[in-house]
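K.L.:
Quick one, what's the 3D model for this:
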Amino acid sequence: LSVKPKKVHAVDDSMYRSDTGYKVMLGSKYNVQGEMDLPFESINTLSRVAYAIELAAHDLRPLKAAKKGLSPAAQEAHEYNQVLHQSQSFGAVNSLVESGNKFYFAHSLDSRLRMYSKGYQLNLQGSEWDKSLLEFHHKELLTQEGLTALYIAIANAYGKDKDTYLVRELWVLEHLDVLEDFTNSADEPLIYAKMVRALRTDQRGEVVGVPVHFDATASGLQINGALLGCVDTLTMGNCILPEGTDVRVDAYTTVFNLLTDADSNQSLVTRVYGEGAVLEASALEFIMSMPRKEFKEAMIPAFYGSEREPLDRLGAAIAPLFWQAMEDTMKGAFWYLKMLPQLWRSNICEYTFTMPDGHKVYTPVLGSSTTREWSVMANDEVSFSEKVMCYKKVSKAFLAHITHSLDAYVMRNIVAKCEKYGLDIMCIHDSYGVHPNYVGFLQQWYMEEIAAIAAHPTLLQDILEEIFGMKVQLPAPDMPRAELAKLVLQSKYALS
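P.N.:
Numbers count the residues shown, from 1 in each chain. Just a heads-up that it's a prediction; the model follows:
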């Protein structure tokens with residue numbers, strides 16, 4: 001939008017000057033949250049942030065960014081789709097530049113109260129190319145803290161986001177004069193090039209408007225660990241530093257290594273299948289040769305309750321070992337995923353629960369209904385599928401809904417702090433983009449939010465009792481919650 005979006009105060013309001021094409025609430029026709037108090041101020045705040053096209057990025061067209069880990073055919077398809085998207089978007093991008101190069105993105109909510117930016121040709125939540133074009137309209141000279149944050153952002157885009165901050169910063173300083181030479185080997189080459197351009201802009205003594213994104217390192221683990229008061233799970237989510245270390249933990253790599261190291265793999269086999277058991281050679285070869293990236297694709301859905309994805313991706317022999325490794329390394333997350341589904345009742349077709357700020361999450365239980373009708377045009381029967389409210393004997397979706405609703409709650413609180421201090425912020429679920437000068441504030445605020453969840457004595461219990469209408473007994477936290485919150489506040493890599 002080339003003009004600042006209108007504020008919304010009710011579900012039927014529109015941010016657009018015309019009332020077409022915008023909805024406060026995304027999702028199905030079963031959303032009833034128009035009757036509820038919604039966090040309008042959060043989406044109003046995000047929609048007031050002004051953006052600009054970085055002209056240097058715009059002039060580099062067309063760019064084809066390689067993507068690591070793809071087969072030649074997949075890489076060719078990726079590059080084709082990227083160039084196609086660019087060609088379709090150039091008209092809109094040029095129009096924004098020609099009309100003053102100051103524009104805004106309207107935002108909407110889904111049923112979990114997550115926030116989404118609007119835009120087809122260009123979107124904050126779009127492709128790497130989209131993000132490489134965008135900068136904040138408001139620019140500032142970098143402070144020393146901002147310069148350090150930019151160094152870390154450069155290293156992150158290159159692929160060193162699993163290293164400590166010191167290692168990342170030293171890598172940039174070591175290659176300071178030749179950073180451009182590493183663009184093609186970066187994990188995110190367009191973002192990497194953008195960060196390096198911002199560094200060169202600063203070196204010329206000019207103001208910088210680049211947003212640097214810092215992501216939660218497994219937000220599902222962070223929130224579940226905080227809810228249950230589980231030290232292991234919080235450690236795997238980088239919310240507690242391993243004692244006496246400065247380590248950026250990677251939960252995916254930790255479990256992956258347990259499965260792919262010969263000794264630890266055999267230990268898992270023995271505990272799961274019994275003394276003397278040996279994994280079939282084909283299954284052992286399969287897991288030993290699996291790329292970490294593919295393994296991560298199996299593990300992420302598991303954090304939200306899926307048993308099918310690990311089974312489909314890892315196979316019947318490996319999946320039980322995977323769950324044993326999960327239990328060994330993050331017992332709270334394992335308990336959350338394995339025990340809480342037993343609470344489900346088959347007479348539930350919708351449920352509501354309340355976030356700590358008073359906003360309510362409404363969720364219908366949806367299934368697919370397929371009907372067949374005769375089509376005169378096709379001269380045949382045609383199937384139509386639609387989502388309908390229904391009853392399910394088994395459902396784990398509420399596990400993901402709780403987690404996603406809480407990370408949306410965390411984001412609302414951080415957006416409110418940015419509004420209070422007049423800071424621009426760009427949000428994509430559990431990824432936060434701010435000017436490099438304010439990364440320190442962002443990280444501190446994020447840790448304060450996770451610490452507050454960890455300190456809350458009954459938050460998960462309250463949510464579950466509201467959903468199921470009965471008393472729920474949860475395991476005791478690993479330590480007094482006040483002490484747990486203090487440990488969380490001392491962590492460094494939860495948002496990195």
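
K.L.:
Check the offset of the helix ranked longest in the chain from the chain's centre.
P.N.:
Using DSSP state H, we find that the single longest helix of the chain is helix 72-98. Chain-centre distance of helix 72-98: 24 Å, with CA atoms, centre = their mean, to the nearest Å.

K.L.:
From the contact counts, what lies against the next helix or strand after that helix?
P.N.:
Using DSSP states H and E, the helix or strand that follows helix 72-98 towards the C-terminus is strand 107-109. Judged by 3 or more CB pairs under 8 Å, 6 or more residues apart in numbering; DSSP states H and E, the packing partners of strand 107-109 are helix 40-47, strand 115-117. All C-beta atoms are positioned from the backbone trio N, CA, C, and that covers glycine.

K.L.:
what's the helix or strand just after the first one in contact with?
P.N.:
This means helix 40-47. Heading C-terminal from helix 40-47, the first helix or strand you meet, by DSSP H and E, is strand 51-53. Residues outside strand 51-53 that contact it (CB atoms under 8 Å, 6 or more residues apart in numbering) are 93, 96-97, 101-105, 133-137, 209.

K.L.:
Distance check, residue 480 against residue 343.
P.N.:
Plainly put, residue 480 is 26 Å away from residue 343 if you go by CB to CB, to the nearest Å.

K.L.:
where does the chain dip in pLDDT?
P.N.:
Low-confidence segments of the chain (pLDDT under 70): 19-21, 27-36, 58-70, 78, 82, 85-86, 368-369, 371-379, 382-386.

K.L.:
which residues in the stretch 151-300 of the chain form helices?
P.N.:
For the stretch 151-300 of the chain, helices defined by DSSP state H, counting those that start in this stretch occupy the ranges 165-174, 189-203, 219-228, 231-236, 251-260, 262-273, 281-289, 292-302.

K.L.:
What of the stretch 301-450 of the chain?
P.N.:
308-314, 319-329, 331-339, 397-421, 439-455.

K.L.:
And these: which comes nearest residue 352?
P.N.:
Nearest to residue 352, of all the helices of the stretch 301-450 of the chain, is helix 397-421, at 10.8 Å by CB to CB.

K.L.:
Please compute how far the closest one lies from its chain's middle.
P.N.:
11 Å.

K.L.:
list the helices and strands it packs on?
P.N.:
helix 40-47, helix 219-228, strand 350-354, strand 360-364, strand 431-434, helix 439-455, helix 459-468.

K.L.:
Just send these back as a markdown table, with distance to residue 420 and mean neighbour count too.
P.N.:
A markdown table is the format used below for the helices and strands packed on helix 397-421 (distance: least, CB to CB, whole Å; neighbours: other CB atoms under 10 Å):
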| stretch | distance to residue 420 | mean neighbour count |
| --- | --- | --- |
| helix 40-47 | 10 | 21 |
| helix 219-228 | 23 | 28 |
| strand 350-354 | 24 | 15 |
| strand 360-364 | 24 | 20 |
| strand 431-434 | 14 | 22 |
| helix 439-455 | 11 | 21 |
| helix 459-468 | 24 | 18 |
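
K.L.:
how far away is the closest residue to residue 341 other than its chain neighbours from residue 342?
P.N.:
Spatial nearest neighbour of residue 341, excluding adjacent residues (CB to CB, 6 or more residues apart in numbering): residue 396 at 4.9 Å. Computed as CB to CB, the residue 396 to residue 342 distance reads 10 Å.

K.L.:
Just want to know which of those two has more residues nearby.
P.N.:
Regarding residue 396 and residue 342, a neighbour count based on other CB atoms under 10 Å identifies residue 396 as having more, with 16 against 7.

K.L.:
What separation is there between residue 206 and residue 394?
P.N.:
58 Å.

K.L.:
Just want to know which of these two has more residues nearby.
P.N.:
Comparing residue 206 with residue 394 by neighbour count (other CB under 10 Å), the higher total belongs to residue 206, at 12 against 8.

K.L.:
So for residue 96, what's the nearest residue that isn't a sequence neighbour?
P.N.:
Closest to residue 96 by CB to CB, 6+ apart is residue 103, at 5.2 Å.

K.L.:
hang on, I meant residue 280
P.N.:
residue 317 (6.2 Å).

K.L.:
before we move on, what about residue 409?
P.N.:
Nearest residue to residue 409 in three dimensions, chain neighbours excluded: residue 355, at 4.6 Å (CB to CB, 6+ apart).

K.L.:
Now do stretch 463-476: everything it contacts.
P.N.:
228-229, 335, 340, 343, 345, 348, 351-354, 398, 402, 460-461.

K.L.:
biggest separation within the residues you listed, which pair?
P.N.:
The most widely separated members of the contacts of stretch 463-476 are 229 and 348, with 27.0 Å between them, by CB to CB.

K.L.:
between those two, who's got more neighbours?
P.N.:
A count of neighbours by other CB under 10 Å puts residue 229 above the other of residue 229 and residue 348, at 26 against 16.

K.L.:
Verify the stated contact: the more buried one with residue 483.
P.N.:
No: using CB atoms under 8 Å as the test, residue 229 is too far from residue 483 to be in contact (9.9 Å).

K.L.:
Could you report the neighbour count for residue 410?
P.N.:
Here the number of neighbours of residue 410 (other CB under 10 Å) works out to 25.

K.L.:
Could I get the contacting residues of it?
P.N.:
223, 446, 449, 450, 453.

K.L.:
quick one on the thing from earlier: now for the residue nearest to residue 96: which residues touch it?
P.N.:
Shown in contact with residue 103 (CB under 8 Å, 6+ apart): 1, 2, 50, 51, 52, 96.

K.L.:
correct me, but the residue nearest to residue 409 touches residue 42?
P.N.:
No: with contacts counted by CB under 8 Å, residue 355 stays clear of residue 42, the gap being 11.8 Å.

K.L.:
For the most centrally placed residue in the chain, which residues are in contact?
P.N.:
Per CA atoms, centre = their mean, the C-alpha nearest to the average position across the chain is that of residue 430, at 4.1 Å. By CB under 8 Å, 6+ apart, the residues touching residue 430 are 215, 216, 219, 407, 411.
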